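Q: Could you look at this predicted model? Sequence included:
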Amino acid sequence: MFVAPAYAQESTSSSELQTELEIDVHEETAFPPFDSSTYVSQLVWLAITFGLFYLFLKKVVLPRIEGILEVRSSRISQDLDQAARLKEEADASVAAYEQELADARAKATIIGQQARDGAKAEAEAQRKQVEATLDSRLVEAEARIALIKDAAMRDVDQIAEETADLIVQELVGVKAEKAAVSAAVKAARG
């Protein structure tokens, strides 16, 4: 703050003094960083502040940052080790799964083949049983047919004899002998 000399205070009035002081204050004061009379003190305070800031960074901030980086680095390396271990376990599990799957497929193939073979053997046994049943029925049917044929042939002989007897009786007008008609029918069939 500007102080007017003592002789000026006595002779001037207070309003003049105030105007004069305002003019002097504006003229004599400059922006402090641009005032050349304060350069040295500014440089000293800049050096002191920079030094303190440097010491603060060196002693407090940088060790904390270094600690954080070391913790992160160790955590990352642990995570990478764990990931590698888990990948190995997963690869082993996949290999075991694929081996079990191949074994299961092989067992399924064997079981399927055994089932097919068993079904073929059972079908073959049933086919043979049906064929045997059909063969026995065929033999029985042929025997029945033979019996029916023999019965029919006996009846045919009798019918033929009766028919021949009637024809002879109609044509000749006389009843023929039964033994002669039987002999004639057997000779004609035979």
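A: Ah, there it is. Numbers count the residues shown, from 1 in each chain.
Q: Just after the helix or strand hosting residue 109, pick out the following helix or strand.
A: Using DSSP states H and E, residue 109 maps to helix 62-172. Next helix or strand after helix 62-172 toward the C-terminus (DSSP H and E): helix 178-189.
Q: sorry, back to before: now the angle between helix 178-189 and the helix holding residue 109, please.
A: Taking axes from the mean of the first three to the mean of the last three C-alpha atoms, to 10 degrees, helix 62-172 and helix 178-189 form an angle of 130 degrees between their directions.
Q: same for helix 62-172, what does it pack against?
A: Secondary-structure packing of helix 62-172 (3 or more C-beta pairs under 8 Å, 6 or more residues apart in numbering; DSSP states H and E): helix 178-189. Every residue, glycine included, has its C-beta placed from N, CA and C.
Q: Next one: residue 126 from residue 113, what distance?
A: Distance of residue 126 to residue 113, given as C-beta to C-beta, to the nearest Å: 20 Å.
Q: Next: residue 175.
A: Note on residue 175: its distance to residue 113, by C-beta to C-beta, is 82 Å.
Q: again with residue 142
A: Separation of residue 142 from residue 113 (C-beta to C-beta): 42 Å.
Q: how about residue 175, phi and psi?
A: For residue 175, the backbone dihedrals are phi -80, psi 130 (criterion: degrees, to the nearest 10).
Q: who touches it in this structure?
A: Shown in contact with residue 175 (C-beta atoms under 8 Å, 6 or more residues apart in numbering): 165, 168-169.
Q: And residue 54, by the same measure?
A: Applying C-beta under 8 Å, 6+ apart to residue 54 gives no contacts.
Q: Please identify which helix or strand holds it.
A: Using DSSP H and E, residue 54 falls in helix 39-56.
Q: Could you export the contacts of residue 175 as JSON lines, including pLDDT?
A: Shown next, in JSON lines, are the contacts of residue 175 (pLDDT from 0 to 100):
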{"residue": "165", "pLDDT": "79"}
{"residue": "168", "pLDDT": "81"}
{"residue": "169", "pLDDT": "82"}
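Q: Domain map for this protein?
A: Listed domain ranges for the chain are 1-30, 31-189 (source: automatic domain parsing).
Q: rank those domains by pLDDT, which is bottom?
A: Here the domains of the chain differ in mean pLDDT, and the lowest is domain 1-30 at a mean of 55.
Q: Return the backbone torsion pair for residue 31.
A: Taking degrees, to the nearest 10, you get phi -60, psi 130 for the backbone angles of residue 31.
Q: What is the burial count for it?
A: Neighbour count for residue 31, taken as other C-beta atoms under 10 Å: 6.
Q: Check residue 185 too.
A: Count around residue 185 with other C-beta under 10 Å applied: 20.
Q: Quick one: residues contacting it.
A: 157, 160-161, 164.
Q: of all those residues, which comes closest to residue 75?
A: residue 157 (118.1 Å; C-beta to C-beta).
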